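1. need a structure here:
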Amino acid sequence: MSKLGGHLIVEALEKAKIDKVFCVPGESYLSVLDGLYNHENIELISTRHEGGAAFMAEAYAKASGKVGVCMATRGVGAANLSIGLHTAMQDSTPVVAFLGQVERDYIGKEAFQEVDLAAFFGHICKWTVEIQDAKRIPEIVNRAFHMATSGRPGPVVVSLPHDMLEDIVQNPQDQYHNTQPTTPEANKKHINEVLQKITKAKKPIIIAGGGVTASDSTPLLVEVAEKLALPVATAFRRFDAFPNEHPSYAGWLGFGSNKDLLDYIYDADLVIAIGTRFSQVTTQDYSLLKPGVDLIHIDISQEIIGKVYTASLAIVSDVHSFLQNLNESISIDQTNSNRMKLVNQLHSSYMAFSTPQKAYSEEYVDLDGMLHDFVSHTPKNAIITSDAGNFFGWLSKYYRFEQPKTYIGPTSGAMGYGLPAALGAKLAHPNQPVISFSGDGGFMMTMQELATSIHYNIPVIAIVVNNNLYGTIRAHQEKHFPDRVVGTELSNPNFSKLAEIFGCNGERVTKNDEFIPALQRAIASNKTTLIEVLSNPDILSVNQAKVQQTNA
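-> Numbering: from 1, shown residues only. Predicted coordinates:
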């Protein structure tokens, strides 16, 4: 029996139980594409840009709990793909990227589109490898998936020289074992230490990160919070790690967080960080915790612990097993009235902070009013994806996430993420509504994936907040260099008409009372719909809008 190297790649994908592959086709890995021809178990999604393919794979992995797989050609395609791999690295998402490479004899000669892929991706991926011998494909691909999923998950790059993929392997050995990574667990001594510290604490708080959602541990965390009378805050863009309307929820950390929450954390006598890497945004530029605070840090990766803050108790453990063991070790209900008062105060402050006003405007769409309507008319099981940008401040402040894995966004702050991420999420959960939020600047970066949506019949709703600006940068510009605006003004097409040209439904909302009917039509249509929302270019952030409403 003999097999083509490219076909062995596909065989390894099948054994890894991969069912979706996202790519822009390239000549350097044609034999892999040939192996996918009419494949029964693996669907190939051909996108319109490699950045879109990587974002789809990354979001698909988040939504499905599987490994995301993307492919691109050598050099130019790989460079385009890199933004999604950087997102996967900062978001701890398991992704394996297969990249075509020049022929082995040409490597190092600056051949057509040649890039040293291992060097290029070494800093932004968990592991990079180039397969030189086709006989080793099963072994190396097996290791690639193990690396992507073990410890702190992340992206892996596998470089595939063109001629290696076309080598014929005689009697290839089946070396793929679909290895399940083992996970570390906290021991009984550590669990008891955690409980002792919590029992003594007067002003404790939990900070829940992506490790909670990735390990499907939200129900366990809810139990811990209820039994021990602990408030829970969620890390940057991890809103759905804890149900937002639960009485123990204290709010989210990131841009524009509730000051009451930030003050409480800074004055806390015990911080319990679970599955979070303490990013710059979560920690408010690394200023969130006061020096010497009693910190318990639980994470699956020992490399994360101590990277930002020194923990008084560091526990390397899978989040799910830690919370399960902690729950089982709580002998009695340890709630106390003083702590419950603090929990209730924090939650009340969050609820007041996150309640939008029905503020309507005739000239533009008032985003406070739009979010009031969006919150009341969006199904609770809807999956929300988003780009980065100031427009997102309204969504993050006012939308309350009640179910795990209903928010998918880039902690890396990548623009252009919203639409392709929505397609990846919809493929993972075809029976749930999926809605992307983008600003006009970010949307233009990947809007060509509307064509992918139509071609593969992946119906999503894309909300584009259009103020004809790179709004976040304009806000920084006006703060640091007032009256010296340059480079941040945009000229945009009519996005609703553009959507129709792609074959989608298009809606244009110019004032608030038009939004609810447009959203209702979009939800009912079961067809990709773009809702363009014209917002006031003079209001660049949700906090600025609040100031203007107060002054009015």
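
2. Low-confidence regions, this structure specifically.
-> The chain contains residues with pLDDT under 70 at 174-179, 332-336, 545-552.

3. 50 instead, please
-> For the chain, the stretches with pLDDT under 50 are 547, 550-552.

4. just checking, next helix/strand downstream of the helix or strand hosting residue 85?
-> Of the helices and strands defined by DSSP states H and E, residue 85 is found in helix 76-91. With elements assigned by DSSP H and E, the helix or strand that comes after helix 76-91 is strand 95-101.

5. before we move on, back to that, buried residues in the helix holding residue 85?
-> Neighbour counts over helix 76-91 (16 or more other Cβ atoms under 10 Å) mark 77-91 as buried. To be clear about C-beta, it is placed using only N, CA and C from the backbone, and glycine gets the same treatment.

6. Do I have it right that residue 71 meets residue 95?
-> No: with contact defined as Cβ atoms under 8 Å, residue 71 does not count as touching residue 95 (11.3 Å).

7. ok, how many other residues are close to the nearest residue to residue 18 once chain neighbours are set aside?
-> The shortest distance from residue 18 to any non-neighbouring residue, by Cβ to Cβ, 6 or more residues apart in numbering, is to residue 69 (5.2 Å). Neighbour count of residue 69, defined by other Cβ atoms under 10 Å: 25.

8. Need the contact partners of the strand or helix carrying residue 69.
-> Applying DSSP H and E as the criterion places residue 69 in strand 68-72. Contact partners of strand 68-72, identified using Cβ atoms under 8 Å, 6 or more residues apart in numbering, comprise 13, 18, 20-24, 26, 29, 32, 50, 53-54, 56-61, 78, 80-81, 84, 88, 93-100, 424.

9. Over to stretch 325-344?
-> By Cβ under 8 Å, 6+ apart, the list of residues contacting stretch 325-344 from outside reads 185-186, 188, 191-192, 194-195, 198-199, 202-204, 220, 223-224, 227-231, 247-248, 250, 264.

10. Okay, buried residues for that stretch please.
-> So for stretch 325-344, counting by 16+ other Cβ under 10 Å, buried means 325-327, 339, 342-343.

11. Tell me which two of these sit farthest apart.
-> Farthest pair in these (Cβ to Cβ) is 325 and 342. Separation: 25.7 Å.

12. Could you pull up the contacting residues of the residue lying closest to residue 474 once chain neighbours are set aside?
-> Closest residue to residue 474 apart from its sequence neighbours, by Cβ to Cβ, 6+ apart: residue 488 at 4.2 Å. Going by Cβ under 8 Å, 6+ apart, residue 488 touches 469-471, 473-474, 477.

13. rerun that using 6 Å as the cut-off
-> By Cβ atoms under 6 Å, 6 or more residues apart in numbering, residue 488 lies in contact with 469-470, 473-474, 477.

14. Out of these, the closest to residue 420 would be?
-> residue 470 (19.7 Å).

15. Tell me how far the closest one lies from residue 442.
-> 9 Å (Cβ to Cβ, to the nearest Å).

16. again, but for residue 304
-> Distance, residue 304 to residue 442, by Cβ to Cβ: 29 Å.

17. go on, residue 388?
-> Applying Cβ to Cβ, the value for residue 388 to residue 442 is 7 Å.

18. before we move on, what about residue 18?
-> Distance of residue 18 to residue 442, given as Cβ to Cβ: 29 Å.

19. what does residue 220 give?
-> Counting by Cβ to Cβ, the separation of residue 220 from residue 442 is 35 Å.

20. Looking only at neighbour counts, state which of these two leads.
-> More neighbours surround residue 442 than the other of residue 220 and residue 442, with 27 against 20 (other Cβ under 10 Å).

21. what's the helix or strand containing that one in contact with?
-> Using DSSP H and E, residue 442 sits in helix 440-446. For helix 440-446, contacts defined as Cβ under 6 Å, 6+ apart pick out 52, 387, 389, 415-416, 419-420, 464, 466, 470, 492.
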